[in-house]
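*Asks:* Pasting the sequence and the predicted coordinates here, then a few questions.
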Amino acid sequence: MGQKKGFKHTEESKKKISDANKGRKRTEETKRKISESHKGHQAWSKGYKHTEETRKKMSDKWSYEKIITPERNKKISNKLKELYAKGVTIGFKKGNKHSQWKGGIIKVRGYYYIYNPELGINFNRKYVKRCNLIWYKHTGELIKNPYLLHHINGIKDDDRIGNLQKVNQSEHMKLEQAKRKMAIDKI
């Protein structure tokens, strides 16, 4: 059984063998035999060492000093300055230029945040809670410490103006504790 040493299958026969073996399950005994046959074999590259000459060539080719020279650094720096002056950005893109920009709306712990650098007080001072933005549009008043907005019905993303109540932190804690107590009493 088996083929002569050096025998190579044609592409057609390789495809036939592959198609015949698709979906075929191997028994535990077959798996064990395959595993045993591979024991003792080394990877083709194990123990391989480059000659000193080859190592020197590789070192010279990829030397940092050859890749980044002061002259090249200056050319790159000048080119980047020219591009930035034209409004071209290279590398990491921010805001609406980023490939995963979703209109400046993110949801964190149940609250929606809107990208608004003028009013932003969260996340590097660029985002504002949607409920705070709605409150600001209706009342003209920006919510700042020690005040916050309480959602009367307890649903964090229900930002209707009738569902928002301006409270200080201690009042908010009392409201939340009362709500939890009522939930426990129902059980």
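*Replies:* Great, that's in hand. Numbers count the residues shown, from 1 in each chain.
*Asks:* only C-alpha atoms for contact and neighbour calcs from this point on.
*Replies:* Fine.
*Asks:* ok, which stretches of the chain are strands?
*Replies:* Secondary structure of the chain (DSSP state E): strands at 105-108, 111-115, 127-129, 147-151, 164-168.
*Asks:* of all those strands, which lies closest to residue 42?
*Replies:* Of all the strands of the chain, it is strand 105-108 that lies closest to residue 42, at 51.5 Å by Cα to Cα.
*Asks:* Can you tell me which residue is spatially central in this structure?
*Replies:* Centroid-nearest residue in the chain, with Cα atoms, centre = their mean: residue 100, separated by 9.9 Å.
*Asks:* for the strands of the chain, which one sits closest to residue 83?
*Replies:* strand 111-115 (26.6 Å).
*Asks:* Give the buried residues for that closest one.
*Replies:* Going by neighbour count (16 or more other Cα atoms under 10 Å), the buried part of strand 111-115 is 112, 113, 114, 115.
*Asks:* Could you measure from residue 142 over to residue 149?
*Replies:* Going from residue 142 to residue 149 by Cα to Cα, to the nearest Å gives 11 Å.
*Asks:* So for these two, which residues contact both of them?
*Replies:* residue 132 (Cα atoms under 8 Å, 6 or more residues apart in numbering).
*Asks:* Compare these two (neighbour count), which wins?
*Replies:* A count of neighbours by other Cα atoms under 10 Å puts residue 149 above the other of residue 142 and residue 149, at 20 against 14.
*Asks:* Tell me who's in contact with that one.
*Replies:* So residue 149 contacts 131, 132, 143, 164, 165, 166, 167 (Cα under 8 Å, 6+ apart).
*Asks:* min pLDDT across those, which one?
*Replies:* Among the contacts of residue 149, residue 143 carries the lowest pLDDT, at 87.
*Asks:* and stretch 86-96, how far apart are its ends?
*Replies:* 18 Å.
*Asks:* same thing with stretch 55-74?
*Replies:* With Cα to Cα, one end of stretch 55-74 sits 30 Å from the other.
*Asks:* what's the answer for stretch 96-114, then?
*Replies:* With Cα to Cα as the measure, the first residue of stretch 96-114 is 13 Å from its last.
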